[in-house]
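> Here you go, sequence then predicted model.
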Amino acid sequence: MPDLNDKVALITGAASGIGRESALLFAEQGARVLCVDIDQDGAEQTVRMIQDAGGQAAACRADVSRAADAEAMIAAAEQTFGRLNVLFNNAGIMHSDDGTSQDTPEDIWDLTMNINLKGVFLGCRYGIPALRRSGGGSIINTASFVAHLGAATAQIAYTASKGGVLAMTRELAVIHARENIRVNALCPGPLRTELLMKFLDTEEKRQRRLVHIPMGRFGEAKEMAQAALFLASDASSYMTGSEFLVDGGITAAYVTPE
């Protein structure tokens, strides 16, 4: 398994889902982890789970859509652990009022863009200088399979925001490739996480999504953590600007198997 010995990682959205599972796994594989979330109690719970397993971690509250908070979380990583080697811009929302272009309220569009897209931009804005100071490192931005395919259940703001993350990841990768800074996008398929299950809040909605997945099941946050570990580690040292699809085959499927 790839390891992160002697690495410092900052993970946003670390109070639950992919963020929490990645924080636990990164720490298990030797990283010191700054667990960032707007939900400070949840972030601190993740820290306690890491510490109870013998790892090293600290918590930081931040609203990733605010520049001052993004700057402060990067400073906290350097002040607490001395440097930054891995930046996992994972925090995101999928609002229940996000629907079609006709019925999605403008404030929900703005909120989704501010967290899902601007939050990644601000993480990179303040995180890249820290990675330079440590001699380089890995940035992972959480996009989605819907950056490649339209969603079967309308979520226009979410889909657009994740498409933006993917495009931004490519440009960042090109710009910073010769600084020993790698930038890749993790593109999860539909997952059995609170984020998606609260959005797919009826059995009909869940089946509408599930029928398109060749593997016939929702993914798990732990499976995304394994993919993030690979992108964070030196095992992926020749990867940058990549779209790492971990999606149960959904983007490969033209027709759904019987």
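Yes, it's here. Everything quoted here is computed from the prediction, not taken from an experiment.
> pLDDT at T256, what is it?
Looking at T256, its pLDDT reads 53.
> low pLDDT regions in this protein?
195, 197, 199, 201, 255-258 (pLDDT under 70).
> Contacts for stretch 166-180 next, please.
Residues from elsewhere that reach stretch 166-180 (Cβ atoms under 8 Å, 6 or more residues apart in numbering): 117, 120-121, 124, 128, 131-132, 135-137, 139, 141, 143, 147, 182-185, 187, 240-243. For every residue, glycine as well, the C-beta is placed using N, CA and C.
> So which of these sit within helices?
V120, F121, C124, I128, L131, R132 (DSSP state H).
> most surrounded residue in the residues you listed?
V120 (31 neighbours; other Cβ atoms under 10 Å).
> ok, that residue to A152 distance?
25 Å (Cβ to Cβ, to the nearest Å).
> Could you find the closest non-adjacent residue to R20?
Computed as Cβ to Cβ, 6 or more residues apart in numbering, the closest residue to R20 that is not its neighbour in sequence is T46, at 4.9 Å.
> L34: neighbour count?
Counted by other Cβ under 10 Å, the residues lying close to L34 total 29.
> Check for me that it belongs to a strand.
Yes - assessed with DSSP: H, G, I helix; E, B strand; the rest coil, L34 lies in a strand.
> The ones in helices among the contacts of stretch 166-180 into a markdown table, with extra columns for distance to G13?
As requested, the ones in helices among the contacts of stretch 166-180 are exported to a markdown table (distance: Cβ to Cβ, whole Å):
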| residue | distance to G13 |
| --- | --- |
| V120 | 11 |
| F121 | 16 |
| C124 | 15 |
| I128 | 19 |
| L131 | 19 |
| R132 | 24 |
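> biggest separation within the residues you listed, which pair?
V120 and R132 (18.1 Å; Cβ to Cβ).
> Residues touching stretch 45-58, excluding its own?
For stretch 45-58, using Cβ under 8 Å, 6+ apart, the contacting residues are 14-15, 19-20, 23-24, 27-28, 32-35, 37, 59, 76, 80-81.
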